[in-house]
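Undergrad: After the sequence you'll find the predicted model.
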Amino acid sequence: MRIGELSRETGVAIPTIKYYVREGLLPAGRLTSPNQASYDAGHVRRLRLIRGMIDVGGLSVSAVRDVLAAVDSPEESVHNVLGAAQEAITPRTAAAPEGMEEARRTVAELIRRRGWRVEPQNPSIEKLAVALATFRGIGHGDFEEVLDAYAEACERVAAADLAWAGRNAEVDGLVESVVVGTVLGDAVLSALRRLAHVEASARRFESLAEGARGRRRRQSTPKPL
């Protein structure tokens, strides 16, 4: 297809496509004449992956370049490619509250206890430590008592995520699924958690309220003489 067709197929403007080619994100088309190039389905897939990482993942062009370098490295395993993609889309923590050293030890112990094979430099480790240190700082350090329950739930979520992403046979399709699925999946998970909170609250506290109302009714009912 010509570049105009590629633009219509992907919704990416022609100047943007040319920019991606110049930046090395998108392979150049096959020259069919001195002023014409031909593009194929591989370019369509790569463009959609680039846009997914930029539009949904919020990545910079340089971060996209790093992820694509991993995708295009034949010696890299799928596990390493997915790790590079996830690391690129995980925001770094700007501020570090007090108590970070203890929080980091708690996270390290959780990872050891769960048997998770995670590199020490994974940015999510620091992100979790910041959250735990903040909990402690505002007087809710006992939240750590439910960490393993959270971790167990997240293991199931991660298995579901990768089962869904694994439907894509090609590595770049896998990466696109992980990037889009992680960003949008976080939104889905957050919304589902809040809905589950409402249901759990209804089960836990409405039943208590019903019991209290029942007791009050019994106490206020005159006993027969």
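TA: Thanks, I have it.

Undergrad: what's His43 in contact with, if anything?
TA: Leu6, Leu26, Pro27, Gly29 (CB atoms under 8 Å, 6 or more residues apart in numbering). (Glycine included, C-beta is placed from N, CA and C.)

Undergrad: run the last query once more with 10 Å
TA: Counting by CB atoms under 10 Å, 6 or more residues apart in numbering, His43 makes contact with 1, 3, 6, 9-10, 17, 20-21, 26-30, 37.

Undergrad: ditto for Gly4
TA: Counted by CB under 10 Å, 6+ apart, Gly4 has contacts Ile14, Ile17, Tyr39.

Undergrad: Number of residues surrounding the last one?
TA: By the criterion of other CB atoms under 10 Å, Tyr39 has 24 neighbours.

Undergrad: same question, the first one
TA: Around Ile14 sit 13 other residues, with neighbours defined as other CB under 10 Å.

Undergrad: Once you drop chain neighbours, what's closest to it?
TA: Computed as CB to CB, 6 or more residues apart in numbering, the closest residue to Ile14 that is not its neighbour in sequence is Ser7, at 4.9 Å.

Undergrad: A strand includes that neighbour, no?
TA: No: per DSSP: H, G, I helix; E, B strand; the rest coil, Ser7 lies outside any strand segment and is helix.

Undergrad: circling back: can you tell me which of the contacts of His43 end up in helices?
TA: Those of the contacts of His43 mapping onto helices are Ile3, Leu6, Glu9, Thr10, Ile17, Tyr20, Val21, per DSSP state H.

Undergrad: Against Gly58, how distant is the residue nearest to the first one when sequence neighbours are not counted?
TA: In space, Ile3 comes closest to Ile14 once its chain neighbours are excluded; the distance is 5.7 Å by CB to CB, 6+ apart. Here the criterion is CB to CB, to the nearest Å. By it, Ile14 lies 24 Å from Gly58.

Undergrad: Glu87 too?
TA: To Gly58, Glu87 is 14 Å away according to CB to CB.

Undergrad: Which one's more surrounded, the two?
TA: Legend: neighbour count by other CB under 10 Å for Glu87 and Gly58, higher for Glu87 (17 against 13).

Undergrad: Next secondary structure after the helix or strand containing Ala158?
TA: Following DSSP states H and E, the helix or strand that holds Ala158 is helix 147-165. Tracing the chain C-terminally past helix 147-165 and defining elements by DSSP H and E, one meets helix 171-201 next.

Undergrad: any low-confidence regions in the chain?
TA: 74, 169, 207-225 (pLDDT under 70).

Undergrad: Show me the residue at the heart of it, geometrically.
TA: The centre of the chain sits closest to Thr182, judged by CA atoms, centre = their mean, with a distance of 2.6 Å.

Undergrad: Is that one in contact with Thr90, as I believe?
TA: Yes: here Thr182 reaches Thr90: they are 8.5 Å apart, a contact under CB atoms under 10 Å.

Undergrad: so what's in contact with those two at the same time?
TA: Common neighbours of Thr182 and Thr90 are listed as Gly57 (criterion: CB under 10 Å, 6+ apart).

Undergrad: need the contact list for the nearest residue to Gly24 once chain neighbours are set aside.
TA: For Gly24, ignoring the flanking residues on the chain, the nearest one in space by CB to CB, 6+ apart is Arg65 at 6.6 Å. Arg65 makes contact with Glu23, Gly24, Leu25, Ile50, Leu59, Ala88, according to CB under 10 Å, 6+ apart.
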